[in-house]
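Trainee: Mind folding the following:
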Amino acid sequence: MKIYFAASIRGGRDYVRDYKAIISKLSIYGKVLTEHIAYDKLDDRGENISDTAIFERDTGWLRESDIIVAEVTQPSLGVGYEIALGESLGKRIICLFKQKSGNLSAMIKGNRKLEVLEYTSINELSAKLKQVFQ
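Mentor: Down below sits the predicted model:
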């Protein structure tokens, strides 16, 4: 299974530790195409390649993926775009939201085509991901 993991880069890196743990958990179930999101050297300026190259690479990975898992706790225009593109492509989309971190966008929470998993810890999320991928 090819998994597209979406999470904030330029929108902020407050949850990068969670991204690392989530990618590790997702790797049990398939190939995570976007492991670079958890790299320590990656900051909110993004990658050292052109915006066009990022767009073409990432939309290619989105099309290639079997499922999209989006961490939506840190608001991000890019993640919102990836979710919308995935929806238009008919992909299954799982949105992860860390409870007590703020309010989840109504555009995510109210969209019945998206599966929202709220969590308080990585251990709790791990159990929920296991249910998703079984």
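
Trainee: ok, longest helix in this structure?
Mentor: The longest helix of the chain (DSSP state H) is helix 51-64.

Trainee: For it, which residues meet the burial criterion?
Mentor: Neighbour counts using 16 or more other C-beta atoms under 10 Å place 58, 61-62 of helix 51-64 among the buried residues. No exception for glycine: its C-beta is placed from N, CA and C like everyone else's.

Trainee: go on, stretch 83-90?
Mentor: For stretch 83-90, a neighbour-count test (16+ other C-beta under 10 Å) marks 83, 85-86 as buried.

Trainee: And for stretch 127-134?
Mentor: Applying a neighbour-count criterion of 16+ other C-beta under 10 Å, one finds 129, 133 buried in stretch 127-134.

Trainee: and that stretch, average pLDDT?
Mentor: Average pLDDT, stretch 127-134: 94.

Trainee: Numbering from 284 from now on, please.
Mentor: From this message on, residue numbering opens at 284, which makes the last subject stretch 410-417.

Trainee: one step back: mind saving the C-alpha coords of the longest helix of the chain as CSV?
Mentor: Taking Å, rounded to 0.1, in the frame of the first residue of the first chain, the C-alpha atoms of helix 334-347 are listed here in CSV:
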residue,chain,number,x,y,z
ASP,A,334,7.8,25.4,-5.8
THR,A,335,7.0,24.0,-9.2
ALA,A,336,9.1,20.9,-8.5
ILE,A,337,7.4,20.4,-5.1
PHE,A,338,3.9,20.8,-6.7
GLU,A,339,4.7,18.3,-9.5
ARG,A,340,6.3,15.7,-7.3
ASP,A,341,3.6,15.9,-4.6
THR,A,342,0.6,15.8,-6.9
GLY,A,343,2.3,12.9,-8.6
TRP,A,344,2.6,11.1,-5.3
LEU,A,345,-1.0,11.9,-4.5
ARG,A,346,-2.2,10.4,-7.7
GLU,A,347,0.0,7.3,-7.1
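
Trainee: any chance of the buried residues of stretch 366-373 in a markdown table, plus distance to residue 294 and secondary structure?
Mentor: Output for the buried residues of stretch 366-373, formatted as a markdown table (distance: C-beta to C-beta, whole Å; DSSP: H, G, I helix; E, B strand; the rest coil):
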| residue | distance to residue 294 | secondary structure |
| --- | --- | --- |
| 366 | 13 | helix |
| 368 | 17 | helix |
| 369 | 17 | helix |
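
Trainee: Cool, thanks, talk later.
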